[in-house]
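K.L.:
here's my sequence, what's the structure:
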Amino acid sequence: MTTRLHLHLVSDSTGETLESVAKAGLARFEGVEAIKHFWPMVRSEGHLERVLDEVAKRPGLVLYTLVNGGVRNLLESRCIALGLPFVSALDPTINALSLLLGQTATTRPGRQHIMDAAYFRRVDAINYTMAHDDGAGQDDWNEADIVLIGVSRSSKTPTSIYLANRGYKTANMPIVTQSPPSPELFRLTKPLLVGLTTSTDRLVAVRRNRLLTMGQTPDTDYVDNDVVAAEVAFARRLFADHDIPVIDVTRRSIEETAAAIINLVQAREDQEGAK
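P.N.:
Alright, predicted model coming up:
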């Protein structure tokens, strides 16, 4: 049985933080259909009044990040009057930090979105990553932070994009049995090379679904179990021969794979710093 829930995300900034919190929370529950209503850039009581009129029409949980005291008080009092549950998503964390640091938190919304050096580093990483997808731009791969290699449909591109959003310049290259990677790949000094692998059964299922989505007949060597198994084995031997760290993505989400890669990068940096 599916439970429908209206979820109102009220923010005085972009609402990205609330969306992440809501996604993480909902992932813990089965059989829930969440209808999300986004209300970003709510910074005045007049704006909030208009939002609350819409909230009253579709009652549900109100999740909010508001730093203006008057706007917060209005939201909370109206939610109480309407009998709606409300949660300030960041208050526990901010209160703990305030106590630990001995500081009062600022009342300036959206400071995490300031276009600082980290922001421009992410933009640069995204541009680099998009230009170095699927084996492209090998001439300047030594500018990358990470190079992912693996057989076709082993999550290289989505993982690369996720890493780019974390500020890592990431290139990726497919491993093709009939055309092994150039030896130059394994002579790269700056980027960390990481091999992605997966089970044959999962790979066949992903590839078959890809062909069906594209309207093609799923009856080729691309999805043949024996051929795919040979591809995976070839890639694993290549990783072993060149002492490349390997991550099995069979039961990992993109986020989990990226986190494991970031841990490898940080471990490498720690080793280099200790020299």
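K.L.:
what packs against the top helix by length along the chain?
P.N.:
The longest helix of the chain (DSSP state H) is helix 254-274. Counting by 3 or more Cβ pairs under 8 Å, 6 or more residues apart in numbering; DSSP states H and E, the packing neighbours recorded for helix 254-274 are strand 146-150, helix 156-165, strand 192-197, strand 246-248. Backbone N, C-alpha and C define where each C-beta goes, glycine included.
K.L.:
quick one: closest of the ones you listed to residue 226.
P.N.:
strand 192-197 (17.2 Å; Cβ to Cβ).
K.L.:
direction included, what does whichever strand or helix holds residue 6 pair up with?
P.N.:
Residue 6 belongs to strand 3-11 when assigned by DSSP states H and E. Note on strand 3-11: by DSSP bridges, its sheet partners are strand 32-39 (parallel), strand 61-65 (parallel).
K.L.:
what's in contact with the shortest one?
P.N.:
For strand 61-65, the external contacting residues (Cβ atoms under 8 Å, 6 or more residues apart in numbering) are 5-13, 17-18, 21-22, 55, 72, 75, 79, 84-90, 109.
K.L.:
of those, buried ones?
P.N.:
6-13, 17-18, 21-22, 55, 72, 75, 79, 84, 86, 88-90, 109 (16 or more other Cβ atoms under 10 Å).
K.L.:
the helices in the stretch 1-150 of the chain, which residues?
P.N.:
In the stretch 1-150 of the chain, the segments counted as helices under DSSP state H, counting those that start in this stretch are 16-26, 45-57, 69-82, 91-101, 117-131.
K.L.:
dump those to TSV, plus mean pLDDT and distance to residue 247.
P.N.:
Below are the helices of the stretch 1-150 of the chain laid out as TSV (pLDDT from 0 to 100; distance: least, Cβ to Cβ, whole Å):
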stretch	mean pLDDT	distance to residue 247
helix 16-26	88	22
helix 45-57	92	43
helix 69-82	94	43
helix 91-101	86	30
helix 117-131	86	18
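K.L.:
any chance of the ones you listed in a markdown table, plus distance to residue 156?
P.N.:
Below are these laid out as a markdown table (distance: least, Cβ to Cβ, whole Å):
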| stretch | distance to residue 156 |
| --- | --- |
| helix 16-26 | 24 |
| helix 45-57 | 41 |
| helix 69-82 | 44 |
| helix 91-101 | 34 |
| helix 117-131 | 11 |
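K.L.:
and of those, who's closest to residue 214?
P.N.:
helix 117-131 (21.5 Å).
K.L.:
helices and strands around that closest one, which ones?
P.N.:
helix 156-165, strand 170-174.
K.L.:
quick revisit: which residues does the longest helix of the chain contact?
P.N.:
145-146, 148, 155, 158-159, 162-163, 166, 168, 192, 194, 196, 245, 247, 249, 252.
K.L.:
how about that helix: buried residues?
P.N.:
254, 257-258, 260-262, 265.
K.L.:
before we move on, back to that, which of the contacts of helix 254-274 count as buried?
P.N.:
Looks like those have 145-146, 148, 155, 159, 162-163, 166, 168, 192, 194, 196, 247, 249, 252 buried, using 16+ other Cβ under 10 Å.
K.L.:
among those residues, which one sits closest to residue 235?
P.N.:
The closest of the buried ones among the contacts of helix 254-274 to residue 235 turns out to be residue 196 (Cβ to Cβ; 8.7 Å).
K.L.:
that closest one contacts residue 149, doesn't it?
P.N.:
Yes: Residue 196 is in contact with residue 149 according to Cβ atoms under 8 Å; the separation is 7.2 Å.
K.L.:
which neighbours do these two share?
P.N.:
What both residue 196 and residue 149 touch, as defined by Cβ under 8 Å, 6+ apart, is the set residue 156.
K.L.:
mind listing what the residue lying closest to residue 76 once chain neighbours are set aside touches?
P.N.:
Distances taken as Cβ to Cβ, 6 or more residues apart in numbering place residue 86 nearest to residue 76, at 6.1 Å, with adjacent residues excluded. For residue 86, the contacting residues are 61-64, 75-76, 79, by Cβ under 8 Å, 6+ apart.
K.L.:
let's see it at 10 Å
P.N.:
8, 10, 55, 61-64, 72, 75-76, 78-80 (Cβ atoms under 10 Å, 6 or more residues apart in numbering).
K.L.:
over to residue 81?
P.N.:
Taking Cβ under 10 Å, 6+ apart as the contact definition, residue 81 lies against 52, 56.
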